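Asks: Need coordinates for the below:
(6 chains)
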4 protein chains.
Amino acid sequence: MIVYYRTMRVKDEIKERAIIEATVALVNEIGFVSSSVSKIAKRANVSPATIYIYFQNKEDLLVSTYVQIKTCIASALMEGFDPNLPVRDALLHAGENLFRYISNHTELFYFTEQFANSPYTDLVDKARLEGPFSPLFNLLQHGINQKIIKDVPFELLLAHLYQPIFSLVNPRINPDFKASPENIKLSMTMAWDAIKL
Amino acid sequence: MIVYYRTMRVKDEIKERAIIEATVALVNEIGFVSSSVSKIAKRANVSPATIYIYFQNKEDLLVSTYVQIKTCIASALMEGFDPNLPVRDALLHAGENLFRYISNHTELFYFTEQFANSPYTDLVDKARLEGPFSPLFNLLQHGINQKIIKDVPFELLLAHLYQPIFSLVNPRINPDFKASPENIKLSMTMAWDAIKL
Amino acid sequence: MIVYYRTMRVKDEIKERAIIEATVALVNEIGFVSSSVSKIAKRANVSPATIYIYFQNKEDLLVSTYVQIKTCIASALMEGFDPNLPVRDALLHAGENLFRYISNHTELFYFTEQFANSPYTDLVDKARLEGPFSPLFNLLQHGINQKIIKDVPFELLLAHLYQPIFSLVNPRINPDFKASPENIKLSMTMAWDAIKL
Amino acid sequence: MIVYYRTMRVKDEIKERAIIEATVALVNEIGFVSSSVSKIAKRANVSPATIYIYFQNKEDLLVSTYVQIKTCIASALMEGFDPNLPVRDALLHAGENLFRYISNHTELFYFTEQFANSPYTDLVDKARLEGPFSPLFNLLQHGINQKIIKDVPFELLLAHLYQPIFSLVNPRINPDFKASPENIKLSMTMAWDAIKL
DNA sequence: GATGAATGAGCCTTCATTCAT
DNA sequence: GATGAATGAAGGCTCATTCAT
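Replies: Residues are numbered from 1 along each chain as shown, chains lettered A, B, ... in the order given. All right, here's what the predicted structure looks like:
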């Protein structure tokens, strides 16, 4: 009995995951614009109708995929985050996490970039996505208080800390850039120089 | 009156411009994904068929629009660029140009962001777009030689110089950020701190 | 009742047949050139999109229709074919079959003529269509061996045997010709005189 | 003065001929269905609008082209026709003419076949096209009267005389048939056997 | 007479979604 | 829950034709 019950749940999750993975894969291959529901279905080896069991509509599928990826990126960024470390070390550690994760999951990254620059973004509850970052925000605030970090709006700090990474790691923008350990180190040093007092 | 002596050519340019402007406007309003040729035509007050007189196909229209905007942004960035100024001043001046231009032309910016994150980008000859920036590249190299700027790959310098701007100025990412003169100054100072030795 | 135990399959075949019949009917009425997919759909009381469930594209629809008709004509021609009859009788019987079938199915005939004179023909595997005729070919060869039929290339024999029928029966070419039993007999006699030794 | 006047007329005829030749060539290459006015214009190195100076509309262009070709074929067929020759010789001579002309002008032939099997045919005044053949008709009638030719409807005679040629010479139908002198002779002999008493 | 520009209508095809099973 | 079939609407693009020059 229980076995059967669990099997069903597992099956469901597998199928839902397959659909989301197909979505990401397809967007990578043919782009956001050309990724239709039926193509995604074919890629996931399910019927188009099945997608509408797991997601309300195309929009819901896309938004769910985005939220899921963003959550993954967030937890990657925050992995091993230690607020007791010196501010600089903690931030650079996070930055390196980010670099590494994105470099190893270009597909995810492509999807988020295309999604974030589409009107679909407006449907996402940004606040919810920021949750996991609160330790980092606290640390930044702490750094400001301690006169270690420039006392400027948070947006400025974040933009200078992590935005360059996203462009460097994007093959479409920097096809020749290698996310080597040295380059990562260099970039994080520069980011730190930007925000430190 | 002399201006109009070749009526036909003038007409052409007006119509072509109208189509491109409609493209930008529509992408702003409903997004890249939903912007169809016929909608663009309607927006530009022309027949869909007319668009195919001025552009080979949708792809060509989009790419042309992109190249045109990028060229505008480039010349805005480089406006009043003076390589004889102290490196810092010259770079910050360019940065402020960029800030200002993008802030005042959000529509253009939206278009480029959506385009750059679509497969269409791969069709653009990037090298051609970099032409106008060579004075800036030279200045950076000069700064490196003079031990004023960090001796790191160009990509790193550019990413840290101008990438934060693009995210800060994007209302979709930073809806509350104001591109006030102070904020611009602050951001440029941070960017300079990132790249200076 | 047993017939309907697989309701879905039955439905499919009915719809596919409806589409093909609509194709033939439309080509008859407005011609090959003007027969668009959406007109065919309307004629068949289905959505244009439905056609693409049963056929890969317009080309496939047209080719399939052609092959189907040609198969029908072939089996009509060969109906009651008896290689044990005297050569003359067997051939004339086939010819009369052909005459009769075409006269009674002008719509089919119109379609094939328009199709055969379009570039679509090049997509058809002619060899496959010739299969049903092999008994007839054998008989011809037999007639040659027995010195009853002229020893000339098969193409010549076939052209003189059955080609006049196609033009006679075509109202577009011979609007006043009546496929009366006498006329049919006459024509077949002439055809026989052409090929007999 | 006169020179200029003649030049203009010549120019016109050249252009009209260029358009018709482009039509034939295009239909040969891409088929009747795909041959659009603008493609024909491009092929003839004229503006689409120019075509509408020489022809009322597409239909008129097509019909005119057809009539012109049919006239050429007719005069080829009747070339050197000598009603004083023995009936058989005169008819076979005409048949050989036809064979030769079509073999050497496959483009023309393709066009007529596609045209004749389209609804455009209904717009042609068939009677007018038959004019040049009256000597041939008279000869046939003479042959009937002399009990040399079967006394059957004219349509039957013509169908058996010249229809096989059209199929034999059509590479779409008989890709391997060679219009060699022997084959031509053979076919004409068969045709004669069909109609002779 | 000759043209490039312009167009609404229509082309073939695919879309996001729902239905019957 | 899962599906293949079905669809009206819309996609990008070309059509036959006319207009202004």
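Asks: is it fair to say residue A:174 lies in a strand?
Replies: No - if the criterion is DSSP: H, G, I helix; E, B strand; the rest coil, then residue A:174 is coil and not within a strand.
Asks: Now it: closest residue in space that isn't a chain neighbour?
Replies: residue B:155 (5.0 Å; C-beta to C-beta, 6 or more residues apart in numbering or on different chains). From N, CA and C alone the C-beta is placed, and that goes for glycine too.
Asks: what's the helix or strand for that neighbour?
Replies: helix B:154-168 (DSSP states H and E).
Asks: Tell me the buried residues in that helix?
Replies: Across helix B:154-168, burial judged by 16 or more other C-beta atoms under 10 Å in any protein chain shown covers B:155-168.
Asks: Can you report phi and psi for residue A:153?
Replies: phi -50, psi 140 (degrees, to the nearest 10).
Asks: Return the distance of it relative to DNA strand F.
Replies: Residue A:153 sits at a distance of 39 Å from DNA strand F (criterion: C-beta to the nearest atom of the strand, to the nearest Å).
Asks: try residue A:103
Replies: 33 Å.
Asks: Looking at the nearest residue to residue A:191 once chain neighbours are set aside now. What's its pLDDT?
Replies: Closest residue in space to residue A:191, ignoring its immediate chain neighbours: residue A:161 at 5.0 Å, by C-beta to C-beta, 6+ apart. With respect to pLDDT, residue A:161 scores 94.
Asks: re earlier: nearest to chain D among the buried residues of helix B:154-168?
Replies: Nearest to chain D among these is residue B:166, at 43.9 Å by C-beta to the nearest C-beta.
Asks: Would you confirm that the closest one contacts residue B:103?
Replies: No - with contact defined as C-beta atoms under 8 Å, residue B:166 and residue B:103 do not form a contacting pair (11.4 Å).
Asks: which residues touch the residue lying closest to residue A:115 once chain neighbours are set aside?
Replies: Nearest non-adjacent residue to residue A:115, counting by C-beta to C-beta, 6+ apart: residue A:66, 4.7 Å away. Contacts for residue A:66 were tallied using C-beta atoms under 8 Å, 6 or more residues apart in numbering or on different chains; they are A:111, A:112, A:115, A:116, A:120, A:121, A:124.
Asks: Kindly indicate which of those lies nearest chain C.
Replies: Within these, the smallest distance to chain C is 25.7 Å, found for residue A:120 (C-beta to the nearest C-beta).
Asks: before we move on, back to that, now the residue nearest to residue A:191: how far from residue A:79?
Replies: Between residue A:161 and residue A:79 the distance is 17 Å, computed by C-beta to C-beta, to the nearest Å.
Asks: From residue A:41, how far off is residue A:53?
Replies: Separation of residue A:53 from residue A:41 (C-beta to C-beta) stands at 11 Å.
Asks: With neighbour numbers in mind, choose between those two.
Replies: Ranked by neighbour count (other C-beta atoms under 10 Å in any protein chain shown), residue A:53 and residue A:41 place residue A:41 first, with 18 against 12.
Asks: what about the residue in chain A that DNA strand F sits nearest to, distance to DNA strand E?
Replies: Residue of chain A nearest DNA strand F, by C-beta to the nearest atom of the strand: residue A:49 (2.7 Å). Residue A:49 is 4 Å from DNA strand E, where distance means C-beta to the nearest atom of the strand.
Asks: That residue: which element?
Replies: Counting by DSSP H and E, residue A:49 is part of helix A:48-54.
Asks: And the residue nearest to residue A:115, its phi and psi?
Replies: Residue torsions, per degrees, to the nearest 10, at residue A:66 are phi -60, psi -50.
Asks: Next one, pLDDT for it please.
Replies: 96.
Asks: again, but for residue A:119
Replies: 86.
Asks: and the nearest residue to it once chain neighbours are set aside, what is it in contact with?
Replies: Spatially, and ignoring its direct neighbours in sequence, residue A:119 is nearest to residue B:31 (3.9 Å; C-beta to C-beta, 6+ apart). Shown in contact with residue B:31 (C-beta under 8 Å, 6+ apart): A:118, A:119, A:120, B:114.
Asks: hmm, back to that, identify, from the contacts of residue A:66, the entry nearest to residue B:89.
Replies: Nearest to residue B:89 out of these is residue A:116 (C-beta to C-beta; 33.7 Å).
Asks: the helices in chain A, which residues?
Replies: Counting by DSSP state H, chain A has helices at residues A:2-34, A:37-43, A:48-54, A:58-78, A:87-104, A:106-116, A:126-130, A:134-145, A:154-168, A:181-195.
Asks: Quickly compare these and say which is most buried.
Replies: Counting by mean count of other C-beta atoms under 10 Å in any protein chain shown, helix A:154-168 has the highest mean neighbour count of the helices of chain A, with a mean of 23.
Asks: Helix A:58-78 and that helix, what's the angle between them?
Replies: Angle between the axes of helix A:154-168 and helix A:58-78 is 100 degrees (criterion: axes from the mean of the first three to the mean of the last three C-alpha atoms, to 10 degrees).
Asks: Who's the closest spatial neighbour of the residue of chain A found nearest chain D, skipping the chain neighbours?
Replies: Residue nearest to chain D within chain A (C-beta to the nearest C-beta): residue A:34, separated by 26.7 Å. Of all residues not flanking residue A:34 in the chain, residue B:119 sits nearest, at 7.8 Å (C-beta to C-beta, 6+ apart).
Asks: Quick check, pLDDT for residue A:25.
Replies: 96.
Asks: Next: the one 10 residues further on.
Replies: For residue A:35, the model assigns a pLDDT of 96.
Asks: neighbours around it, how many?
Replies: Neighbours of residue A:35 (other C-beta under 10 Å): 23.
Asks: Just list the residues touching it, thanks.
Replies: A:23, A:26, A:27.
Asks: Could you dump these into CSV and include distance to chain D?
Replies: Shown next, in CSV, are the contacts of residue A:35 (distance: C-beta to the nearest C-beta, whole Å):
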residue, distance to chain D
A:23, 38
A:26, 33
A:27, 35
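Asks: List the contacts of the residue nearest to residue A:96 when sequence neighbours are not counted.
Replies: Once flanking residues are discounted, residue A:96 sits nearest to residue A:184: 5.7 Å by C-beta to C-beta, 6+ apart. Contact analysis of residue A:184 by C-beta under 8 Å, 6+ apart lists A:95, A:96, A:99, A:100.
Asks: Check chain A for the residue nearest chain C and tell me.
Replies: Minimum separation of chain A from chain C (C-beta to the nearest C-beta) falls at residue A:38, amounting to 11.3 Å.
Asks: which non-adjacent residue is nearest that residue?
Replies: residue A:48 is the one closest to residue A:38 (C-beta to C-beta, 6+ apart), at 4.8 Å.
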